[in-house]
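Chemist: I would like the atomic coordinates for the input below:
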Amino acid sequence: MFNRTILAIALLMAATGTAAADPQIATKVVAVIEKNLSPENFIGIYEFTNTRLDKTTTQYIIQFESRDVNHTRGYFQKPERDKGRETLRIDENLWTWMPSVGKIVRIADRDSFAGGDFSNADVMRADWLSKYNAEMAKETANQYIIDLKAKTPDAAYAKMRLWVDKKNGQPVQQQYYDSNGTLLKRCLYGSVRKTGSIERPMHLQMENVITKQKSELKILDLKLDQKIPESRFVTDNLGK
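Modeler: Just a heads-up that it's a prediction; the model follows:
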């Protein structure tokens, strides 16, 4: 399905001459990527590794359950000191359960995820079109370069720029900017693999260009078409 959709977009572009001829091309390309980055009803095991400037690293193993882009729950399995910690997204709201203090705390899209260089938005909401307008910034022989500009002030970034491989429709890299146009972070996508009906990158490396620190995300396991109970997406059930 993924490749057929991208092929249809490519044929449309060929018929119209350039990507700019159809302002909806960028939106269509991003919509396909979103569906593959955040499929419905999946359970995944993610490994995060944060590398600091002194070369020390911290690694987290987190199980994510997602019904759709608006309902995602993460459970920290490692390290031992964080075991049992949870994160929950319901629509525009984000919470974390801190077992060490026995409290549920509200968090924001812009906040760091697990103390690393990915934000909560980077990890828990691959639904960019709900927050950003997409437009084709440039087209090369091999790539689409798409700008995603924030619709609302509560978006995690003022602007994102996304490079997409024309051949397979996969994201290659992404850059993140503040309202002054300052480049904040850069994400590199790699290790594209097919899982069930989707094909997506399984390795992401995020670099904070301000601090020069880096974080990596590896998807160790991804199961689609899972039956996840509604009760998993209730704030009162965090920590249970």
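Chemist: Neighbours of Asp147, how many?
Modeler: Asp147 has 18 neighbouring residues, counting by other C-beta atoms under 10 Å. Glycine gets a C-beta too; all of them are placed from N, C-alpha and C.
Chemist: my bad, Thr96
Modeler: 20.
Chemist: for Lys28, same thing?
Modeler: For Lys28, the neighbour count with other C-beta under 10 Å is 15.
Chemist: tell me the SS of it?
Modeler: helix (DSSP: H, G, I helix; E, B strand; the rest coil).
Chemist: Tell me the pLDDT of it.
Modeler: We have a pLDDT of 94 for Lys28.
Chemist: cool, Ala10 as well?
Modeler: On the pLDDT scale, Ala10 is placed at 50.
Chemist: Pull up the distance across stretch 132-152, start to finish.
Modeler: Start and end residues of stretch 132-152 are separated by 8 Å (C-alpha to C-alpha, to the nearest Å).
Chemist: So which residues make contact with it?
Modeler: By C-beta atoms under 8 Å, 6 or more residues apart in numbering, the residues outside stretch 132-152 that reach it are 18-20, 23, 25-27, 29-30, 128, 131, 155, 157-167, 172.
Chemist: Give the buried residues for it.
Modeler: By neighbour count with 16 or more other C-beta atoms under 10 Å, stretch 132-152 contains the buried residues 132, 134-137, 139, 143-150.
Chemist: now those in CSV, with pLDDT?
Modeler: Formatted as CSV, those follow (pLDDT from 0 to 100):
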residue, pLDDT
Tyr132, 96
Ala134, 96
Glu135, 95
Met136, 95
Ala137, 95
Glu139, 93
Gln143, 96
Tyr144, 96
Ile145, 97
Ile146, 97
Asp147, 97
Leu148, 97
Lys149, 97
Ala150, 96
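Chemist: which residues of the protein fall in helices?
Modeler: With helices called from DSSP state H, the chain shows them at 2-16, 25-37, 120-124.
Chemist: Who are the packing partners of the second one?
Modeler: Taking 3 or more C-beta pairs under 8 Å, 6 or more residues apart in numbering; DSSP states H and E as contact, the helices and strands that helix 25-37 lies on are helix 2-16, strand 132-139, strand 143-150, strand 159-165, strand 198-208.
Chemist: how distant is that helix from the center of its chain?
Modeler: Between the centre of helix 25-37 and the centre of its chain there are 12 Å (C-alpha atoms, centre = their mean, to the nearest Å).
Chemist: mind listing what's buried in it?
Modeler: For helix 25-37, by 16+ other C-beta under 10 Å, it's Ile25, Ala26, Thr27, Val29, Val30, Val32, Ile33, Glu34, Lys35, Asn36, Leu37.
Chemist: May I have it as CSV, with CA atoms only?
Modeler: The C-alpha coordinates for helix 25-37 follow below in CSV (Å, rounded to 0.1, in the frame of the first residue of the first chain):
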residue,chain,number,x,y,z
ILE,A,25,1.4,16.9,-3.1
ALA,A,26,3.4,17.8,0.1
THR,A,27,0.4,17.1,2.3
LYS,A,28,-0.2,13.7,0.5
VAL,A,29,3.4,12.7,0.9
VAL,A,30,3.4,13.6,4.6
ALA,A,31,0.1,11.8,5.3
VAL,A,32,1.5,8.6,4.0
ILE,A,33,4.6,8.9,6.1
GLU,A,34,2.6,9.6,9.2
LYS,A,35,0.5,6.5,8.8
ASN,A,36,3.6,4.3,8.6
LEU,A,37,5.4,6.0,11.5
